[in-house]
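[1] Have a look at this prediction, sequence included:
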Protein chains: 2
Amino acid sequence: MVKKTKDKGAEGRILAAARKVFTTKGMAGARMQDIADEAGINKALLHYYFRDKDKLFETIFMGEAQKFFPKINAIFQSDDPLFEKMEKFVSEYIEEMQENPYLPWFVINEVNRDPERFMQSVLGNDNRPKPAKFLEQIEKEIKKGTIKRISPVHLLMNLISMTIFPFVARPMITRNLRMSDLQFKQAMEQRKKEIPKFIIDAIKK
Amino acid sequence: MVKKTKDKGAEGRILAAARKVFTTKGMAGARMQDIADEAGINKALLHYYFRDKDKLFETIFMGEAQKFFPKINAIFQSDDPLFEKMEKFVSEYIEEMQENPYLPWFVINEVNRDPERFMQSVLGNDNRPKPAKFLEQIEKEIKKGTIKRISPVHLLMNLISMTIFPFVARPMITRNLRMSDLQFKQAMEQRKKEIPKFIIDAIKK
DNA sequence: GTCTATAATTTGATAGAC
DNA sequence: GTCTATCAAATTATAGAC
């Protein structure tokens, strides 16, 4: 894709190209030349707009992390009832990943590479997930007797795992289960309802 | 860690060092110099024993993939009852990842990078997971009326996701839930029982 | 702002002594 | 087998013309 999409200016095209390359290959695997080619410009211009590779990466990473975390928080901190909250979490999260399938892989990957920098850049800006309220809500429901006794932390892990993991391991899953891209997409669409149903069946009294 | 652990010969130390570096940084992020330092030898010797970086990587990847996949298969293809099978899967898998926490991240990562090579090197050797029998088993139980109607594929995804995902996203989870390494380890130990219980509650009639 | 040409640095790989 | 020294290739970054 060397064609210049004249819609955007050079800076915009660079950002779009850098996002594509970084999010698919990661920081270590990305090449400045790849980004320049993808944007339809030359390497020098990359350095003109963004000082060096690290600055460019930082810009992209911040943007993607913003998509990944604040969405969780808005749901966790809302005043919705527990089950409604979980439904929203699954549904909105899968929707986001249907549009940006690379998102969880990219963010998790880079966080694994350097958890420290992650804290400063993402957590510092008050975008960190705050699961406390959600965990308390689970405990309340247990005390009210509406759901079975279950460790809130494990329930949270189950919820997040079932929602995100298929997107992280997508190539492995589609290959081993012989699924086409379309079939995968449809399966993920089904999971918006399957996961909440599964959880409700597991914990509701 | 420049110290030469005289236990092994040079080749053994190289393999151990390469394993550590590749599995934590990935192929793209790994440096031959890092591996040499870790092994307490110099770069030239790496090329003496293993022609080039790619050959060395291939050796490591094959070994790790063998740990990751055949284990699943042995369980999937056994004649154990459904619930027993799921319990074994969770338990043995978590046990493996407690010892090699990097394993799922590494394998998934490299498979994502190049799904084609993955097919040849791992799937070719008859080590590919064969979930067919497991999926049929679920359908039989549904027909017998012992478990609720549920899509076998979604049940399988749920099982795998809940088991593996916490290890893939470990740094993110421990940070956001304020867990120490020990607490994480203990939580994973608990999940050997929590996950099967969760699933049984969800699908048993 | 955008380009070409080139420098500087990093990294993988080899030559040759011991 | 193992090392030091060095090369070659890849990759990031800059200089300077337009």
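    Structure's in. What do you need? Numbers count the residues shown, from 1 in each chain, chains lettered A, B, ... in the order given.
[2] Kindly list the longest helix within chain A.
    helix A:181-203 (DSSP state H).
[3] Show me what counts as buried in that helix.
    Buried residues in helix A:181-203, defined by neighbour count with 16 or more other C-beta atoms under 10 Å in any protein chain shown: A:184, A:187-188, A:191-192, A:194-196, A:198-199, A:201-203. Any C-beta I mention is one placed from the backbone N, CA and C, and that applies to glycine too.
[4] overlap between those residues and the residues near DNA strand C?
    Near DNA strand C, taking C-beta under 7 Å from any atom of the strand as the test, no member of these is found.
[5] follow-up on the earlier one: then the longest helix of chain A to CSV, C-alphas only?
    Taking C-alpha atoms only, helix A:181-203 is exported to CSV below (Å, rounded to 0.1, in the frame of the first residue of the first chain):
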residue,chain,number,x,y,z
ASP,A,181,-12.5,-15.2,9.2
LEU,A,182,-16.2,-14.9,8.8
GLN,A,183,-16.9,-17.8,11.1
PHE,A,184,-14.7,-16.3,13.8
LYS,A,185,-16.4,-12.9,13.5
GLN,A,186,-19.8,-14.6,13.9
ALA,A,187,-18.6,-16.7,16.8
MET,A,188,-17.4,-13.5,18.6
GLU,A,189,-20.7,-11.9,17.9
GLN,A,190,-22.4,-14.9,19.6
ARG,A,191,-20.2,-14.6,22.6
LYS,A,192,-21.7,-11.2,23.4
LYS,A,193,-24.7,-13.3,24.7
GLU,A,194,-23.0,-16.6,25.3
ILE,A,195,-20.5,-15.3,27.9
PRO,A,196,-23.1,-13.5,30.1
LYS,A,197,-25.4,-16.5,29.9
PHE,A,198,-22.6,-18.8,30.9
ILE,A,199,-21.7,-16.6,33.9
ILE,A,200,-25.3,-16.2,35.0
ASP,A,201,-25.8,-20.0,34.9
ALA,A,202,-22.6,-20.4,36.9
ILE,A,203,-23.3,-18.1,39.7
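[6] For that helix, name the packing helices and strands.
    Secondary-structure packing of helix A:181-203 (3 or more C-beta pairs under 8 Å, 6 or more residues apart in numbering or on different chains; DSSP states H and E): helix A:82-99, helix A:152-168, helix A:170-176, helix B:152-168, helix B:181-203.
[7] and the angle from that helix to helix A:152-168?
    For helix A:181-203 against helix A:152-168, the angle by axes from the mean of the first three to the mean of the last three C-alpha atoms, to 10 degrees is 170 degrees.
[8] Please enumerate residues in contact with helix A:181-203?
    Residues from elsewhere that reach helix A:181-203, judged by C-beta atoms under 8 Å, 6 or more residues apart in numbering or on different chains: A:83, A:86-87, A:90-91, A:94-95, A:97-98, A:147-148, A:150, A:155, A:158-159, A:162-163, A:166-167, A:170, A:173-174, A:179, B:148, B:150-151, B:153-154, B:157-158, B:198-199, B:201-203.
[9] and that helix, average pLDDT?
    Helix A:181-203 comes out with an average pLDDT of 98.
[10] Next: stretch A:148-161.
    97.
[11] Could you list the residues in contact with it?
    Contacts for stretch A:148-161 (C-beta under 8 Å, 6+ apart): A:86, A:89-90, A:131, A:134-136, A:138-139, A:142, A:195, A:199, A:202-205, B:161-162, B:164-166, B:169, B:173, B:177, B:187, B:190-191, B:194-195, B:198, B:201.
[12] returning to that earlier point: any idea which of the helices and strands packed on helix A:181-203 gets closest to B:Val21?
    Closest approach to B:Val21 among the helices and strands packed on helix A:181-203 (C-beta to C-beta): helix B:152-168, 19.2 Å.
[13] on that earlier part again, let's have the helices and strands packed on helix A:181-203 in CSV, adding distance to DNA strand D.
    Listed next are the helices and strands packed on helix A:181-203 as CSV, based on distance: least, C-beta to the nearest atom of the strand, whole Å:
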stretch, distance to DNA strand D
helix A:82-99, 27
helix A:152-168, 25
helix A:170-176, 22
helix B:152-168, 26
helix B:181-203, 33
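[14] got these as TSV, with distance to B:Phe57 columns?
    Below are the helices and strands packed on helix A:181-203 laid out as TSV (distance: least, C-beta to C-beta, whole Å):
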stretch	distance to B:Phe57
helix A:82-99	29
helix A:152-168	21
helix A:170-176	18
helix B:152-168	20
helix B:181-203	28
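[15] Can you say which of the contacts of helix A:181-203 are buried?
    Among the contacts of helix A:181-203, those scoring as buried are A:83, A:86-87, A:90-91, A:94, A:97, A:147, A:150, A:155, A:158-159, A:162-163, A:166-167, A:170, A:173-174, A:179, B:150-151, B:153-154, B:157-158, B:198-199, B:201-203 (criterion: 16+ other C-beta under 10 Å).
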